[in-house]
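K.L.:
got a predicted model here, sequence first, then my questions.
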Amino acid sequence: MTEQQYIDLFETYREEIDRNSSDGFNKERQAAFETFRKIGFPTSKLEDYKHSNVARTFDTELGLNLRNIPIPVNPYDAFKCDVPNLSTFVYFLINERYYHKVQNPNSLPDGVFVGSMIDFSLQRPDIFNKYYARIADYSQNGVTAYNTMFAQDGFVLYVPENIVIEKPLQLINILRGGVDLNVNRRLLVIAEKNAQAKLLICDHTVDDVQFVVTQVAEIVVDEGAQVDFYELEENSEKVTRLSSLYADQKENSCLVTSGITLHNGYTRNNYHFRLRGQYAEAHVGGLAICDKEQHIDNFAFIDHAVPHCTSNELFKYALQEKSTGVFCGKILVEKDAQKTQAYQNNRNLCTSSDAHMYSKPQLEIYADDVKCSHGLTTGQLDEDALFYLQARGIPKAEARMLLMVAFTKDVIDLVRIDTLRERLEYLVNKRFRGELIRCGNCNVADKKWI
Amino acid sequence: MFQICFFNRLNMSNLLQIKNLHAIVEGKEILKGIDLEVNKGEIHAIMGPNGSGKSTLASVLVGNPKFEVTRGSIIFNGKDILDMSPEDRAREGLFLSFQYPVEIPGVSMVNFMRAAVNEQRKYRGEEPISANDFLKLMREKRELLGMDSQLVSRSVNEGFSGGEKKRNEIFQMAMLNPLLSILDETDSGLDIDALRIVAAGVNKLHTPDNATIVITHYQRLLDYIKPDVVHVLYKGKIIKTDGPELALELEKKGYDWLINP
């Protein structure tokens, strides 16, 4: 059984895990462990994991850096994000650990916390305990339970009541290791009443070893608050990314997320949105560009628990060569959630006959006065459009490129940071041209992979 | 007999020479031996009842892959273009104003036109157009067609009305300045004011060095764009060629007298 080695590992090293973390994390481990022992990793026998056998990705020898042995890396050398005019405050996680030597001049508003999750759990245990492992319900999800067992650090963005952080924040997740590694990281974003923040998260791989990464992100969007949460994956093909995002929204709040898979290995992104305050809005974008044998599975669950909420999902996949895309979109409109507006769209391009797309929209509606719709298409590039461009002198290859980039445009348009949108257009263009090694001038590209 | 005289008259001003052109679509023969010759400075009108092959002829000329040429030849500006890709034909100076212009969401008119203009320049060994010159060119041609500046900042044809789409075709023609323009039912979907503007645009673009083929059902467009030669296409063949007065005659008498003489 795949799980047994991890169960043994946990029991053997329990003390070391605790010692290299904090009480806030430690008090959740036992319950998570018991859940994990019961349910294990999801396999493709489960309907929601039909096309992604997650358990199998753990069936290999993976190291865990439970003793927090320092990993030599200067992220400023390894990563120079040259997004023109994208002025952000930049932070790093090296594997699961927060990098403390941040060079930002700290000009964030008073009361805002951005940094290590261990530090936050020690400094603000009241807030930490209120949310940590509370938004992310691990009782049904073996990977989230597993993450909660082993998680030792992570990243926190806490924005107190009425505070607006104008400048976007950027978190860069760097994967680094000399042996095959399992990394379990945590993110916690809390926007209190009427607070606002924008966070961009970039995933980068530095070393050419296997990584199995679990990430659990908890996002709390309180009354009237606004959070933008963008994730950009540019991992190597040897990376398995198992991410679960849990969002909890109160009345009049707005959450915009976009998960952009620009380069990956094997990815499963879970999204759980709970709209539990009236007039809350969730805008959920997803874009995947895959080739070779890359695998991307997005699973989105939106729970409309109360009336007058809006959700809007748009997931697009451009699959080339032998890549596989999976989308499952569940929308639950509960009995009391009258006047719900829920829209879901999934559009896919398969440009080769070896590319596969599995898509499943699921709407469960128990209220009777709602506006809900879903749309799903999978196909090839529009031949008429292709010919139209050619007829104006644009070569076929270039015309295809224009159409592929155009295909991604409406997802990118969901992003509410102008400079990031421009940058994404540029990166998508490079990706389709096969020129993307790392984004822009990131130094990693120049180094030979170890 | 009339056309055969044309063929023997190979001269410098000859732009297009189609000989015995046969073409099929989905296994069905649509063009059954077309002969046509167009010289620089000329405007030709091709008329004919529905389903006679007018649009097929236009599509075959610009290299639409849905149609297969089974016999015959097309010489354009001295070059055999049958084996050329659609993009090369365009860069040689062929232009089709589509009967049904395609909507392309996500591709802006500006990017589309810049790509097209620069591909044409590259083909001729010229440098890409400067940003300034390009914007100037866009403005100039937009004004020629009386097009709203909003239209060119949108995605290609997306959400355009029928008339706007047709006007946009002629705008692209103005931008690319082709040697031979084929206007496929450009008048359909245009109200009388739009028709006047589009026709005026076409007339302004007409020079002694280029030529135009106007495909139309109705005489109406020919009131504004005066043809030198009028052809009647029926069942994949040109059954009658004459001067501009033929269009008027067709308007009065219909096609029946030609089909069943």
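P.N.:
Ah, there it is. Numbering: from 1, shown residues only, chains lettered A, B, ... in the order given.

K.L.:
every contact and neighbour count from this point should use C-alpha atoms.
P.N.:
Will do.

K.L.:
just the element for the closest residue to chain B within the stretch 251-400 of chain A, please.
P.N.:
Across the stretch 251-400 of chain A, the shortest distance to chain B (CA to the nearest CA) belongs to residue A:393, at 4.0 Å. Under DSSP states H and E, no helix or strand contains residue A:393.

K.L.:
phi and psi next, for it.
P.N.:
phi 100, psi 10 (degrees, to the nearest 10).

K.L.:
tell me who's in contact with it.
P.N.:
Listed by CA atoms under 8 Å, 6 or more residues apart in numbering or on different chains, the contact set of residue A:393 reads B:86, B:87, B:88, B:89, B:90, B:91, B:116, B:119, B:120.

K.L.:
so which residues of the stretch 51-200 of chain B form strands?
P.N.:
Secondary structure of the stretch 51-200 of chain B (DSSP state E, counting those that start in this stretch): strands at B:68-76, B:79-80, B:94-97, B:104-108, B:155-156, B:180-184.

K.L.:
as TSV, those strands with distance to chain A, mean neighbour count and mean pLDDT would be great.
P.N.:
Below are these laid out as TSV (distance: least, CA to the nearest CA, whole Å; neighbours: other CA atoms under 10 Å in any protein chain shown; pLDDT from 0 to 100):
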stretch	distance to chain A	mean neighbour count	mean pLDDT
strand B:68-76	15	17	97
strand B:79-80	17	14	96
strand B:94-97	7	26	98
strand B:104-108	4	20	95
strand B:155-156	9	22	96
strand B:180-184	12	26	97
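
K.L.:
thinking again about what came up before, now render the contacts of residue A:393 as TSV, adding distance to chain A and neighbour count.
P.N.:
Output for the contacts of residue A:393, formatted as TSV (distance: CA to the nearest CA, whole Å; neighbours: other CA atoms under 10 Å in any protein chain shown):
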residue	distance to chain A	neighbour count
B:86	5	29
B:87	4	26
B:88	6	23
B:89	8	23
B:90	5	26
B:91	5	27
B:116	6	25
B:119	6	23
B:120	6	23
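
K.L.:
all helices of the stretch 101-250 of chain A, in order?
P.N.:
A:117-123, A:125-131, A:142-150 (DSSP state H, counting those that start in this stretch).

K.L.:
okay, these, which one's buried deepest?
P.N.:
helix A:142-150 (a mean of 26; mean count of other CA atoms under 10 Å in any protein chain shown).

K.L.:
pull the number of nearby residues for residue A:109.
P.N.:
Applying other CA atoms under 10 Å in any protein chain shown, we find 13 residues neighbouring residue A:109.

K.L.:
what stretches of chain B score poorly on pLDDT?
P.N.:
The model of chain B has pLDDT under 70 over residues B:1-12.

K.L.:
residue A:154 against residue A:97, yeah?
P.N.:
Yes. Using CA atoms under 8 Å, residue A:154 is in contact with residue A:97, at 5.9 Å.

K.L.:
give the residues shared as contacts by the two.
P.N.:
Contact with both residue A:154 and residue A:97 is made by residues A:116, A:185, according to CA under 8 Å, 6+ apart.

K.L.:
please identify the helix or strand for residue B:249.
P.N.:
Counting by DSSP H and E, residue B:249 is found in helix B:245-253.

K.L.:
after that helix, next one along is what?
P.N.:
Criterion used, DSSP H and E; the element after helix B:245-253 is helix B:256-259.

K.L.:
from residue B:142, how far off is the residue of the stretch 251-400 of chain A closest to chain B?
P.N.:
Going from residue A:393 to residue B:142 by CA to CA, to the nearest Å gives 20 Å.

K.L.:
residue A:345 too?
P.N.:
Taking CA to CA, one finds residue A:345 at 36 Å from residue B:142.

K.L.:
residue A:208 now?
P.N.:
Applying CA to CA, the value for residue A:208 to residue B:142 is 53 Å.

K.L.:
neighbour count winner among the two?
P.N.:
residue B:142 (22 against 19).

K.L.:
any chance of CSV for the helices of the stretch 101-250 of chain A, columns mean pLDDT?
P.N.:
Output for the helices of the stretch 101-250 of chain A, formatted as CSV (pLDDT from 0 to 100):
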stretch, mean pLDDT
helix A:117-123, 97
helix A:125-131, 97
helix A:142-150, 98
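
K.L.:
may I see these arranged in CSV, with distance to chain B as well?
P.N.:
Formatted as CSV, those follow (distance: least, CA to the nearest CA, whole Å):
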stretch, distance to chain B
helix A:117-123, 41
helix A:125-131, 41
helix A:142-150, 38
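
K.L.:
to residue B:28, which of the strands of the stretch 51-200 of chain B lies closest?
P.N.:
strand B:68-76 (10.0 Å; CA to CA).

K.L.:
chain A contacts on the stretch 51-200 of chain B?
P.N.:
Neighbours of chain A within the stretch 51-200 of chain B, by CA under 8 Å from any CA of the partner chain: B:62, B:64, B:86-91, B:95-96, B:101-107, B:112, B:115-116, B:119-120.

K.L.:
for the record, mean pLDDT for stretch A:372-391?
P.N.:
In this model, stretch A:372-391 carries a mean pLDDT of 96.

K.L.:
what does it contact?
P.N.:
A:340-351, A:357, A:359, A:361, A:396, A:399-400, A:403-404, B:62, B:64, B:86-87, B:89-90, B:95-96, B:101-104, B:112.

K.L.:
what distance separates the opening and closing residues of stretch A:363-378?
P.N.:
Using CA to CA, the gap from the first to the last residue of stretch A:363-378 comes to 19 Å.

K.L.:
correction: stretch A:411-419
P.N.:
With CA to CA as the measure, stretch A:411-419 spans 15 Å from end to end.

K.L.:
centre of the chain versus it, how much separation?
P.N.:
Stretch A:411-419 sits 16 Å away from the centroid of its parent chain (CA atoms, centre = their mean, to the nearest Å).

K.L.:
ditto for stretch B:242-253
P.N.:
21 Å.

K.L.:
one more: stretch A:265-285?
P.N.:
The answer for stretch A:265-285 is 10 Å, by CA atoms, centre = their mean.
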